[in-house]
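**Q** pasting the sequence and the predicted coordinates here, then a few questions.
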Amino acid sequence: MRSIKKIHKAEYSPIADLVTYSPLPSRSLQQIDPFLFLNHHGHQVYKPNNRGLPFGPHPHRGMETVTFILEGDIMHKDSGGHESVITAGGVQWMTAGKGLIHAEVSSTDFKKTGGPLEILQLWVNLPAKHKMTEPRYEGLQQESIPSFTLDEGKVTVNLVSGNWDGHKGAFETLSDIVLSTVYFQPGGKLNLEVPAERNIFFYIIKGTLKVNGQEVPFRNLVEFNNNAPELILEVTEDSILLFGHAVPFNEPVVAQGPFVMNTQAEIHQAYADYQAGKFGSWNH
């Protein structure tokens with residue numbers, strides 16, 4: 001079985017009135033190549049007439065953002081002219097590539113009526129050959145995310161990208177990255193085989209999972225060694241797992257603010273290009 005290297009507890013780091021837990025990066029873990037960053041917002045309940053999410057216009061280059069909406073909604077706008085409101089169960093995949101400006105806020109309806117909110121945003125690196133690709137965005141509602149059940153219906157996999165036992169994920173991606181949310185009912189079991197050379201991204205959103213016999217509660221990221229393919233997962237309560245895997249890029253990572261490049265010179269260039277207006281204009 002694949003052994004656990006370390007369990008990383010998500011640190012509480014609220015953003016304005018938004019409950020936020022962040023397990024990656026941390027003092028003890030820079031990345032799980034090519035997975036760079038995770039913010040877990042909520043769970044919380046917004047009152048009516050709220051200000052919603054606080055993420056106004058900001059730039060990105062050299063990476064991708066994958067946003068999982070478990071409850072509530074998120075309205076995406078960007079300098080490429082994309083705009084959409086994605087609701088509970090949906091996912092947004094944005095490839096920043098050579099650069100864009102985007103905002104992630106709550107819909108007018110959510111700000112007016114309030115309600116429960118839980119959203120996760122994962123940053124995935126782009127390899128050097130794709131850093132300067134054309135930006136793109138796709139937002140899919142829950143009904144467009146393929147799902148299938150295992151263990152007599154006790155385990156439901158929502159397959160966001162990549163392939164899983166013949167099932168194909170919702171998003172076409174530039175790199176071979178498998179991403180999914182896995183929902184467990186009490187008593188659910190799942191045996192997984194992930195080739196040892198692939199890095200596993202494993203974050204427990206809700207509940208408690210027994211991972212190869214070791215209990216791990218929610219808001220923890222499990223870092224694995226690359227020593228074997230097999231994982232055995234068991235649960236005794238309703239649980240949700242953010243699960244992914246990929247072959248590591250093994251490239252230098254220089255991250256500064258919203259930019260993720262391979263060298264410090266490329267970071268300086270990103271700031272210069274942004275200030276020169278090369279990321280597009282903001283007309284919202």
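**A** Ah, there it is. Numbering: from 1, shown residues only.
**Q** from here on, contacts and neighbour counts on C-alpha atoms
**A** Will do.
**Q** could you measure from the most centrally placed residue in the chain over to residue 185?
**A** Residue closest to the average C-alpha location in the chain (C-alpha atoms, centre = their mean): residue 122, at 2.5 Å. Distance from residue 122 to residue 185, counting by C-alpha to C-alpha, to the nearest Å: 24 Å.
**Q** rewinding a little: so the residue nearest to the centre of the chain belongs to a helix, correct?
**A** No: using DSSP: H, G, I helix; E, B strand; the rest coil, the assignment for residue 122 is strand, not a helix.
**Q** surely it meets residue 41?
**A** No: under the criterion of C-alpha atoms under 8 Å, residue 122 is not in contact with residue 41, lying 11.3 Å apart.
**Q** re earlier: what is the residue nearest to the centre of the chain paired to in the beta sheet?
**A** Beta-bridge pairing of residue 122 under DSSP bridges involves residue 38, residue 66.
**Q** tell me the pLDDT at it?
**A** Looking at residue 122, its pLDDT is 98.
**Q** for it, give me its contacts.
**A** 35-39, 65-67 (C-alpha atoms under 8 Å, 6 or more residues apart in numbering).
**Q** let me know the closest of those to residue 17.
**A** Taking C-alpha to C-alpha as the measure, residue 17 sits nearest to residue 39 out of those, at 14.5 Å.
**Q** contacting residues around the closest one?
**A** Residue 39 neighbours (C-alpha under 8 Å, 6+ apart): 20-24, 120-122.
**Q** which stretches of the stretch 151-284 of the chain have low pLDDT?
**A** 283-284 (pLDDT under 70).
**Q** now the strands for it?
**A** Here the stretch 151-284 of the chain has its strands, by DSSP state E, counting those that start in this stretch, at 155-161, 163-164, 167-168, 177-184, 189-193, 199-206, 208-211, 214-217, 220-224, 230-235, 239-246, 254-256, 259-261.
**Q** how about these, which one is nearest residue 45?
**A** Once the strands of the stretch 151-284 of the chain are compared by C-alpha to C-alpha, strand 199-206 is nearest, at 16.2 Å.
**Q** strand 177-184 and the closest one, what's the angle between them?
**A** On the basis of axes from the mean of the first three to the mean of the last three C-alpha atoms, to 10 degrees, strand 199-206 is oriented at 30 degrees to strand 177-184.
**Q** any chance you could list what contacts strand 199-206?
**A** Contacts for strand 199-206 (C-alpha under 8 Å, 6+ apart): 32-33, 35, 194, 216-224, 226, 238-248.
**Q** how much space separates the residue nearest to the centre of the chain from residue 209?
**A** 21 Å.
**Q** then residue 82?
**A** Distance from residue 82 to residue 209, by C-alpha to C-alpha: 38 Å.
**Q** out of those two, which sits in the busier spot?
**A** In this view residue 82 and residue 209 are compared by other C-alpha atoms under 10 Å, and residue 209 has more residues nearby, 26 against 13.
**Q** just the helices in this protein please.
**A** Here the chain has its helices, by DSSP state H, at 108-113, 264-275.
**Q** span of stretch 266-282 from start to end?
**A** 23 Å.
**Q** what's the distance between it and the middle of its chain?
**A** Centroid separation for stretch 266-282 versus its chain: 25 Å, with C-alpha atoms, centre = their mean, to the nearest Å.
**Q** before we move on, what about stretch 85-101?
**A** Distance, centroid of stretch 85-101 to centroid of chain: 10 Å (C-alpha atoms, centre = their mean).
**Q** try stretch 174-191
**A** 13 Å.
**Q** what comes up buried for that stretch?
**A** 175, 177-185, 188-190 (16 or more other C-alpha atoms under 10 Å).
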